[in-house]
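Based on what follows, work out the 3D shape:
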Amino acid sequence: MRHVIKTRRGTDALLTAHEQPPQNSEQSTRRWQRFGRENKAALMTLLLNEQYHLCCYSEIRADLRGLGYHIEHVENKSQQPGRTFDYQNLAASALDSENGLPQLGINAFGGHAQGKNKSVDMAKFIHCHLPDCSRYFAYLSNGHVVPSIDLTEQEAEYAQYTIDHLNLNSGFLQTERRNHWEELEQLFDEHIEKVWDLQQLLQLDLVPTPDHKLHEFFSFTRQFFQQEAEQVLQDYAPELM
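Sure thing, here's the model as predicted:
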């Protein structure tokens, strides 16, 4: 999970809606449904742009997988109706209701995970709008995501709480992360064996494309290459550090 910096205030339609926030869960649901497809599409464009088209929780490129995205209320609108149209509470999460959610069903992750659809303790929940969110998670070669080893006991509890509630160890994500690890390992070995420039590889994997997009599993790749990755980011994409 990488920190998402909120660079905008939202669309005009969102700002107007937020001038008179919903007062309860029923109002929140009704008004969000009425917000309109065009308004949500414009909002999604802003969110994806500031997230470099990565899912706010899993860091997959759902657009490349035919899974789509949905607008996620980081703090559930059922719990905080007043934040329904608060741009600072919104993010783009993988799985839309037309394609992604039907494909994964009960194995859905991120904003559509069963745990996230229930009440969430925001004091424990680690999310993409926290500046230090990335330090809570570590990625293993078997595809699992776990709490980082340098966390305090309480921080590790929060990380695990988040992993469980977002189903970040769903079978789908484990498989994709394991494949990603194997691909990185193969590329690394090949570059070392053939004395290729590792920095060029890392630029492809870690630096945004001209159309402002990142490759999947940015944090995973950054962790895998460690200091080499940090140097490339410092030189070519300091805004991502």
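
So which bits of stretch 91-109 are buried?
Neighbour counts using 16 or more other Cβ atoms under 10 Å place 91, 92, 93, 94, 95, 96, 100, 101, 104, 108, 109 of stretch 91-109 among the buried residues. Every C-beta, even on glycine, is put in place using the N, C-alpha and C of the backbone.

any idea how far it is from the chain center?
On the basis of Cα atoms, centre = their mean, to the nearest Å, stretch 91-109 sits 13 Å off its chain's mean C-alpha point.

Residue 152 and residue 164, how far apart?
Residue 152 sits 18 Å away from residue 164, going by Cβ to Cβ, to the nearest Å.

the more surrounded of those two?
residue 164 (12 against 8; other Cβ atoms under 10 Å).

Apart from its chain neighbours, what residue comes closest to the more buried one?
Excluding the flanking residues, the one nearest residue 164 by Cβ to Cβ, 6 or more residues apart in numbering is residue 115, at 6.0 Å.

my read: the one you found touches residue 163, true?
No - Residue 115 is beyond contact range of residue 163, at 9.6 Å (criterion: Cβ atoms under 8 Å).

Comparing those two, which shows the higher neighbour count?
residue 163 (21 against 15).

Let me know the helix or strand that the more buried one is in.
In this assignment (DSSP states H and E), residue 163 forms part of helix 153-166.

Let me see the mean pLDDT of the helix or strand just after that helix.
Next helix or strand after helix 153-166 toward the C-terminus (DSSP H and E): helix 171-193. The average pLDDT for helix 171-193 rounds to 94.
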